[in-house]
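>>> Sequence first, then the predicted structure, then my questions.
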Amino acid sequence: MQESAKLSELDLAIVNALQISPRGEWSRIGAALGITGATAARHWERLTREGLAWIATMPGPRFADDGTTAHVFLSAEPKYHVALAERLCEEPVAATVARVTGGHDFRLDCFTRRQESLDQIISERLSGLPGVTRTETAYVTRVHRQSSSWRSGVLDQQQSRSVAVASPATHGRRAAFDSVDSALLDALGGDGRLSWAELGACCGVSPQTARRRVEQHLASGHLALRCEFAASAARPVREASLILNVPASRLEDVGRYVAGLPNCRVSVQVLSVHNLVATFWVHDLNEIHAYETEIEARAPGTVAISRSVTVRTYKRVGHLLDREGRSVGRVPLPMWRPE
């Protein structure tokens, strides 16, 4: 990879290392990259200060077992698109907001603790927004791959192994959230690399309590940490999605197959007029046609309900993005709050 104007080769390597181990020790990351830990930390501080990279908290792959994860698609009159994007970004339950081509104009990734809460928000707040002409909700029933598992592939295998850290042994796996958990995960959402001492001090608990609770949520699969970066600052990529209806007998197999494709960011089964959503980051949109051909060969009878390209992402996992994809603010996710 050639150096870009904003992310150097070293910056990209650090981002890849943090995709693998979001809270990895700088000394370990530095050693894998052939630099000092202090140098790695200094580069990361610049990236976060300029909004070029950040660590986000998000619901993990098991969140859909107890909470509600859904894709909400909105159609709207074109003259309202700009104002509507701003309003959608203000909605905490809409963790990710993107304008897309295809059968709809906007796609939202939504998370709530209860389905009733999401249904109420859609019917009472989203459907009535100026310009909205139609909404469609697809409830996620199974996650084969989520974006926190995607890797940029800058590091070689040896470096990746050196950076990886074994999951810590935890006593009990937390799924419920109380006010302490809410405060901890809210603080992590602002800076996913806060030390345990800093995190505990922010929330009025000991470093040991902060570490134990966060690691329990991570181990439960209800919480994930994800290293994001401004895609415009690296090699140009395009985000595109296939909205598919796969024969029921092949749905599980196809979902896993798609999840294993190198450019796959998301592969989830959903309950709607379609049953599989697959999102890819590619350098050439023709790659999407090739993936669709492979999927149809693997599961004859598969129908593409829609093919979409992301025109602009306004918000990603609670972080507000400018036109260059840099993080310029945050709307805390609501699902960590106790009910």
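Ah, there it is. Residues are numbered from 1 along each chain as shown.
>>> V143 - that's part of a strand, no?
Yes - if the criterion is DSSP: H, G, I helix; E, B strand; the rest coil, then V143 is within a strand.
>>> For the residue nearest to it when sequence neighbours are not counted, which residues are in contact?
Among residues not flanking V143 along the chain, P61 sits closest, at 4.2 Å (Cβ to Cβ, 6 or more residues apart in numbering). (Each C-beta comes from the backbone N, C-alpha and C, glycine too.) Counting by Cβ atoms under 8 Å, 6 or more residues apart in numbering, P61 makes contact with 143, 146, 221, 224.
>>> and what of C89?
C89 neighbours (Cβ under 8 Å, 6+ apart): 97, 314-315, 320, 331.
>>> How about P247?
Contacts of P247 by Cβ under 8 Å, 6+ apart are 299-302.
>>> As JSON lines, these with secondary structure, distance to A83 and neighbour count would be great.
Converted to JSON lines, those look like this (DSSP: H, G, I helix; E, B strand; the rest coil; distance: Cβ to Cβ, whole Å; neighbours: other Cβ atoms under 10 Å):
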{"residue": "A299", "secondary structure": "coil", "distance to A83": "41", "neighbour count": "18"}
{"residue": "P300", "secondary structure": "coil", "distance to A83": "44", "neighbour count": "8"}
{"residue": "G301", "secondary structure": "coil", "distance to A83": "41", "neighbour count": "10"}
{"residue": "T302", "secondary structure": "coil", "distance to A83": "37", "neighbour count": "20"}
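>>> Report how many residues lie close to R330.
Neighbour count for R330, taken as other Cβ atoms under 10 Å: 16.
>>> tell me which residues form a beta bridge with it?
H319 (DSSP bridges).
>>> Settle this for me: it is touching G192, isn't it.
No - using Cβ atoms under 8 Å, R330 is not in contact with G192; the gap is 11.5 Å.
>>> can you give me the strands for the stretch 51-200 of the chain?
Using DSSP state E, counting those that start in this stretch, the strands of the stretch 51-200 of the chain run over 53-59, 68-76, 94-100, 106-112, 132-145.
>>> Could you dump these into a markdown table with distance to G24 and mean pLDDT added?
As requested, those are exported to a markdown table (distance: least, Cβ to Cβ, whole Å; pLDDT from 0 to 100):
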| stretch | distance to G24 | mean pLDDT |
| --- | --- | --- |
| strand 53-59 | 11 | 93 |
| strand 68-76 | 27 | 95 |
| strand 94-100 | 24 | 97 |
| strand 106-112 | 26 | 95 |
| strand 132-145 | 22 | 95 |
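>>> Could you report the pLDDT at A297?
In the predicted model, A297 carries a pLDDT score of 96.
>>> centroid residue for the protein?
Among the residues of the chain, S147 comes closest to the average C-alpha position under Cα atoms, centre = their mean, at 4.6 Å.
>>> counting contacts, what elements does the lowest-mean-pLDDT helix or strand in the chain pack onto?
When each helix and strand of the chain is scored by mean pLDDT, DSSP states H and E, helix 63-66 comes last, with a mean of 84. Taking 3 or more Cβ pairs under 8 Å, 6 or more residues apart in numbering; DSSP states H and E as contact, the helices and strands that helix 63-66 lies on are strand 132-145.
>>> Each with direction, which strands does the strand it packs on pair with?
Those paired with strand 132-145 in the sheet (DSSP bridges) are strand 68-76 (antiparallel), strand 264-271 (antiparallel).
>>> returning to what we had before: can I get the contacts of C89 in TSV including distance to E9 and neighbour count?
Shown next, in TSV, are the contacts of C89 (distance: Cβ to Cβ, whole Å; neighbours: other Cβ atoms under 10 Å):
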residue	distance to E9	neighbour count
V97	31	28
Y314	29	18
K315	29	24
L320	28	18
V331	33	18
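>>> okay, among those, which ones form the most distant pair?
Y314 and V331 (10.9 Å; Cβ to Cβ).
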